[in-house]
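Chemist: Okay, sequence plus prediction incoming.
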Amino acid sequence: MKTLLAIIIGLSTLTACKAPAPQPKAPDDVALVVPTLIKSGFIRLSQEPNHFVDANKVIKGHIEDYLVYFDVVVNLEKSKYAYPEKPELYAKSLRRKHVVNCDTQTMDQLSTAYYTEFWGEGEKSPEISEHIQLVQDYKKSQLYILGKLICSKLYRDK
């Protein structure tokens with residue numbers, strides 16, 4: 001009987017030691033008040049009220065001049081937990097880097113990063129590198145029209 005009791009106590013102690021450590025809880029989303037005035041240098045994408053093109057970041061490729069790079073900034077309505085090493089920080093905006101190929105009229109999304117302030121400013125989160133070719137429904141989107149405009153203005157100026 002004493003042996004059985006010792007085995008039960010030993011197993012329960014062993015089981016308690018293997019319990020997973022609790023993971024830190026992500027902070028709750030914070031509702032944000034999105035700025036109503038458009039900051040200088042940003043152009044609103046018509047169908048998305050909080051999506052803007054940063055006109056200061058439209059750059060023609062140096063070597064491959066048929067490529068044009070630009071950023072789309074999204075001011076978030078709810079905060080995003082994007083800084084696991086700094087739980088007191090939360091994102092208010094994100095910046096997506098795009099490239100449009102003016103020869104083939106295709107567009108790729110290169111990366112995304114979150115920022116602590118609106119308009120893609122403040123402390124930057126670790127950048128999420130991606131290479132997504134925007135094919136599906138691209139010709140029906142405002143990004144297609146934007147790509148056409150960018151190419152007609154910048155690509156033509158060889």
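Modeler: Yep, it's here. These numbers were taken from a predicted model, which means no experiment stands behind them.
Chemist: In the chain, where is pLDDT below threshold?
Modeler: Along the chain, the model assigns pLDDT under 70 to residues 1-28, 134-139, 154-158.
Chemist: Looking at this protein, which strand is longest?
Modeler: Secondary structure of the chain per DSSP state E: the longest strand is strand 67-80.
Chemist: Give the other helices and strands that that strand contacts.
Modeler: strand 51-54, strand 59-60, strand 91-101, helix 142-150 (3 or more CB pairs under 8 Å, 6 or more residues apart in numbering; DSSP states H and E). Heads up, the C-betas are built off the backbone N, CA and C, glycines and all.
Chemist: Just put these in JSON lines and tack on distance to residue 80.
Modeler: JSON lines is the format used below for those (distance: least, CB to CB, whole Å):
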{"stretch": "strand 51-54", "distance to residue 80": "15"}
{"stretch": "strand 59-60", "distance to residue 80": "26"}
{"stretch": "strand 91-101", "distance to residue 80": "4"}
{"stretch": "helix 142-150", "distance to residue 80": "22"}
